[in-house]
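In: model this:
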Amino acid sequence: MNIKTVLQSILGRGKTMSNNEIAFQCPFCHHHKKKLQVNTESQKWQCWVCGAKGRSIYALAKKAGADQHILQKVGDLVGKPKRSITEKAYDILSLPKEFISFTKGNPKDPDFINAFHYLTVNRKITKYDILKYNIGYCDKGLYAGMIIIPSYDENGQLNFFTGRTYYSDRSFKHKNPKVSKDIIGFDLLINWNEPITIVEGAFDAIAVKRNAIPLFGKKLMDTLKTKMIEKQIKRVNIALDKDAINDALDICQYLISNGIEVYLVEMNDQDPSELGFTSITNRISESNPLTSSQLMQKKILGSFSK
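Out: Predicted coordinates for the structure are as follows:
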């Protein structure tokens, strides 16, 4: 059995192309055309519709839901991706066993209806983005009544997920797994050759849509610092909430000191998810590069306002 045959058992019939590439229907955005291209030689894969990509066929098979028997065959044929110490730390992470993808849920089920209403009406998230980010929900278990938004690394390996209740009467609104946040949020969807926008949460990143990395908090962690320096990022937009201005300025200082052009986006009293795509896009486009002197002025003013 060759790798094409195994991939077709996971992704359906593929179309052979030139340069060792095979095109499949994407299992993440479910576009009706075969827009997921897999190179069986380099193992690089990318969907030209939703932007999902990676550098490991094994990781693609795992993310697409292949069972252990098929994964074993894939591993035997192409090998498993090498993992760093950081990656091994979240290797044990998995989505809640009660996780239900909206592509597999029952549209007549009350939890499906309430979760879908929360996303599309309350959060203004499109059906396309629900598919792109593989958003789902849990109707029971530890994350019962919660939207689940997964994050994947560049190889398609789950590195974090966040839960948010879709019922307004719940006493707690957020729940995250007790794992390290020293990861790169939505790394699988990031184009490191383009400007990056750094935000606090998953909903903020989804609102920005283009190349947005959620910190799942307010601090710039070491893994993301290292990646931005390695990739020689030219421009970073900082769009943290107004109450995190001091954290935002610390991030700006680090980036500027490493020769990266920084744009501090004026957020006022709304975060990116509250502003929505059009407004946050306008604010980013209206921002100007932050100079070292401007940064120092803002930090001094911030110290007086404490």
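In: CA atoms for contacts and neighbours, from now on please.
Out: Will do.
In: what residues does stretch 203-220 touch?
Out: Residues from elsewhere that reach stretch 203-220 (CA atoms under 8 Å, 6 or more residues apart in numbering): 125, 129, 181, 184-187, 189-191, 194-202, 221, 240, 244, 247-248, 251, 271-273, 276-277, 280-281.
In: how near is residue 245 to residue 280?
Out: To residue 280, residue 245 is 17 Å away according to CA to CA, to the nearest Å.
In: same question, residue 31
Out: Using CA to CA, we find residue 31 at a distance of 27 Å from residue 280.
In: so those two - more neighbours on which side?
Out: Taking other CA atoms under 10 Å, residue 31 and residue 280 do not tie; residue 280 has more neighbours (23 against 18).
In: so where does that one fall, helix or strand?
Out: With elements taken from DSSP states H and E, the one containing residue 280 is helix 272-286.
In: what is that helix packed up against?
Out: helix 202-208 (3 or more CA pairs under 8 Å, 6 or more residues apart in numbering; DSSP states H and E).
In: now find how far off-centre the helix it packs on is within its chain.
Out: On the basis of CA atoms, centre = their mean, to the nearest Å, helix 202-208 sits 9 Å off its chain's mean C-alpha point.
In: residue ranges for the strands of the stretch 101-250 of the chain, please.
Out: 136-138, 146-152, 158-165, 174-175, 196-199, 212-214, 235-238 (DSSP state E, counting those that start in this stretch).
In: got those as JSON lines, with mean neighbour count, mean pLDDT and distance to residue 69 columns?
Out: Shown next, in JSON lines, are the strands of the stretch 101-250 of the chain (neighbours: other CA atoms under 10 Å; pLDDT from 0 to 100; distance: least, CA to CA, whole Å):
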{"stretch": "strand 136-138", "mean neighbour count": "25", "mean pLDDT": "97", "distance to residue 69": "25"}
{"stretch": "strand 146-152", "mean neighbour count": "23", "mean pLDDT": "96", "distance to residue 69": "22"}
{"stretch": "strand 158-165", "mean neighbour count": "23", "mean pLDDT": "95", "distance to residue 69": "20"}
{"stretch": "strand 174-175", "mean neighbour count": "14", "mean pLDDT": "92", "distance to residue 69": "32"}
{"stretch": "strand 196-199", "mean neighbour count": "24", "mean pLDDT": "98", "distance to residue 69": "38"}
{"stretch": "strand 212-214", "mean neighbour count": "26", "mean pLDDT": "98", "distance to residue 69": "34"}
{"stretch": "strand 235-238", "mean neighbour count": "22", "mean pLDDT": "98", "distance to residue 69": "43"}
